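Engineer: take this sequence and fold it.
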Amino acid sequence: MSIYIKEQNFTNNRYILYARKSTESEDRQVASIQDQIDVMTEVAKELKLNIVETMTESSSGFKIGRKVFNEMASKIEDGQADGVVVWKLSRLARNPDDAGRIMGLLQRKQIKHIRTADRDWLPDDNVTMMYVEFAFTNQFSRDLSVDTTRGLNKKALRGWCPKSILPLGYMHSPYKKLGEHEIIPDPERFDIVTKVLKMVASRELSMPQAYQFAYDNGLRTKDGKKLSKSVFYHLLYEPFYFGKFEYPLHSGNWFEGKHEKAITYEEHELILKNRGRKNNPRPQKHLFPFTGMMKCGECGCSIVIDPKVKVLKDGTTQNYNYYRCTKKKSKCSQKYLESKELGKQLLDLISSIEIPEVFHEWAIEELKKEQQKEITSRNEIVEISRGKYDEITQKIDELVKGWLDKKVPEGAYKRNLELLEKDQSKYKSLLDNSHERTKEWIKKAENVFNFANDAKFVFEHGGLTEKNNILMNLGANIVIKDLKINLEIDKPLIILRESKPFLEKAIPRFEPEKSLVNKENMKVYMSQSTEWGS
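Structural biologist: Below you'll find the predicted structure:
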């Protein structure tokens, strides 16, 4: 039994068992509604929790305004129930609005107890941990869309083109490890493409001759079809073959690729010269921070860098870098934002979530305490599930023996075996999940506090990659409008920002901050604080 269960009396509480599964991709690996009900009914039975109603719905947790969820919350607000039994917190909400409603009910003690498959949530628990848990579930849903873009940007920064369709002669590696040869030469086409490019660069073949040479030597599309002349000629001008790629398309953001090069930059220039296309747009030779990561807040187009050179009166030059909208979709009134001003705004934003060292130490210590509570609760449900799993396994063994001894008819054997194996799989899934989930949310919480502690220093002193990573880890939907940068900061970082005034007010009480005595006193103060201790 968990420490919480021994110390708390939940027998007088009235619980609503809530189960939800979405038909969308967010829940591809989630247990069915009936499996959730079965597992949580067993948990409630073992812990003697009184379930007064079971409520279910099929709807995305990322969607605000779910009918059954709102009915359940209203019943609790009206005093018709005191607690919730649910497989995971992610079943209750994957969006910050509904998560905030649940946390508000819990903190006001309208919800006296939430029981998930592997732990208890109580009004007196550290609210930071619940924020982290809900942020984790919310982030999972948002990652399906927003983090796809974030991941593609990171891939481009690593030097691997994120496009799903690559120029002829290349393919995505089917056996890659992250960062290692993610794009490889297509063994059927790379050599012939390379040979054709070099022959055109050296004027060994004219364009029509090169086209015929490629066809005669078996160069085909990935569908096995003949290349049209227009596609072939476009292929000859592709910067990807000498190691550059633009991402996103038409954004003006060019990256140095790590893929194997077919030709040199000089050979590419010779191809352009031989075809009279010397004035073609050239890839940028320099990379700039934050390119490919921001959108215009007015029209939604990409934000790109626009380098400018100003000649001073004494004849010297001054370089300026401006971030601007590409204005590809329509007319856009947004002005240019100078890079220094953008950097200042980002630094101010990062400073707003920066935490003092003593608070960082306290937060990590609190995480360790929460982890111990999590282990205790997890061990309880693991013990229950393992008992049920062993019991079902024994029944399967007995059923098989009865069938082999011809004491159980074939039809009854198959029906019962199917039911038992379904139950066995359900408890095995619960056993497997309870170990991994603890690691996930503890790791995410640690990352939040470590990021808040280090971000400002890394942003001020780091290189291009470090600056880009800081921006990507701050939040999502990064836009520039009216010369101001805006982004959706991740939920745990919002908590840190809102608590910054409290932290700044508390720190002077314990100067000097590096004193061991003052450090311990401040940790005690933080634990007793209503902002962070509950």
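Engineer: now do the helix or strand encompassing residue 472: distance to the chain's middle.
Structural biologist: Residue 472 is part of helix 464-474, with elements assigned from DSSP states H and E. Relative to its parent chain, helix 464-474 has a centroid offset of 14 Å by CA atoms, centre = their mean, to the nearest Å.
Engineer: list the contacts for residue 309?
Structural biologist: Taking CB atoms under 8 Å, 6 or more residues apart in numbering as the criterion, residue 309 is in contact with 317-320. The C-beta positions use only the backbone N, C-alpha and C, and glycine is treated the same way.
Engineer: wait, a strand at it?
Structural biologist: Yes - under the criterion used here (DSSP: H, G, I helix; E, B strand; the rest coil), residue 309 sits inside a strand.
Engineer: who touches the residue nearest to residue 87 when sequence neighbours are not counted in this structure?
Structural biologist: In this structure, residue 87 finds its nearest non-sequential neighbour in residue 36, 4.3 Å apart by CB to CB, 6 or more residues apart in numbering. Listed by CB under 8 Å, 6+ apart, the contact set of residue 36 reads 19-21, 86-87, 91.
Engineer: what separates residue 36 from residue 413, distance-wise?
Structural biologist: Noted for residue 36: a distance of 28 Å to residue 413, by CB to CB, to the nearest Å.
Engineer: inside helices: which ones of the contacts of residue 36?
Structural biologist: Among the contacts of residue 36, the ones falling in helices (DSSP state H) are residue 91.
Engineer: circling back to that earlier point, now the helix holding residue 472: average pLDDT?
Structural biologist: Here helix 464-474 scores 73 as its mean pLDDT.
Engineer: relative to helix 464-474, how tilted is the helix or strand following it?
Structural biologist: Proceeding N to C from helix 464-474, the next assigned helix or strand is strand 475-481, under DSSP H and E. Angle of strand 475-481 versus helix 464-474, following axes from the mean of the first three to the mean of the last three CA atoms, to 10 degrees, is 100 degrees.
Engineer: by contact count, what packs against strand 475-481?
Structural biologist: If you count contacts as 3 or more CB pairs under 8 Å, 6 or more residues apart in numbering; DSSP states H and E, strand 475-481 packs onto helix 146-158, strand 295-296, strand 484-489.
Engineer: can you lay out these as CSV showing distance to residue 398 and mean neighbour count?
Structural biologist: Below are the helices and strands packed on strand 475-481 laid out as CSV (distance: least, CB to CB, whole Å; neighbours: other CB atoms under 10 Å):
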stretch, distance to residue 398, mean neighbour count
helix 146-158, 48, 18
strand 295-296, 63, 19
strand 484-489, 56, 16
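Engineer: would JSON lines of these with mean pLDDT be doable?
Structural biologist: Output for the helices and strands packed on strand 475-481, formatted as JSON lines (pLDDT from 0 to 100):
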{"stretch": "helix 146-158", "mean pLDDT": "69"}
{"stretch": "strand 295-296", "mean pLDDT": "88"}
{"stretch": "strand 484-489", "mean pLDDT": "81"}
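Engineer: so which of these is nearest residue 246?
Structural biologist: Of all the helices and strands packed on strand 475-481, helix 146-158 sits nearest to residue 246, with 9.4 Å by CB to CB.
Engineer: export stretch 252-260 as CSV, just CAs?
Structural biologist: Extracted C-alpha coordinates of stretch 252-260, given in CSV (Å, rounded to 0.1, in the frame of the first residue of the first chain):
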residue,chain,number,x,y,z
GLY,A,252,16.2,32.6,-48.4
ASN,A,253,17.7,30.4,-45.5
TRP,A,254,20.5,28.3,-46.9
PHE,A,255,22.3,25.5,-45.0
GLU,A,256,25.6,23.6,-45.5
GLY,A,257,24.7,20.0,-46.0
LYS,A,258,26.5,17.0,-44.6
HIS,A,259,25.5,14.7,-47.4
GLU,A,260,28.0,13.4,-49.9
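Engineer: and it, which residues are buried?
Structural biologist: In terms of neighbour count (16 or more other CB atoms under 10 Å), stretch 252-260 has its buried residues at 252-255, 257-259.
Engineer: cool, and stretch 42-61?
Structural biologist: Buried-residue list, stretch 42-61, by 16+ other CB under 10 Å: 42-44, 46-47, 49, 51, 55, 57, 59-61.
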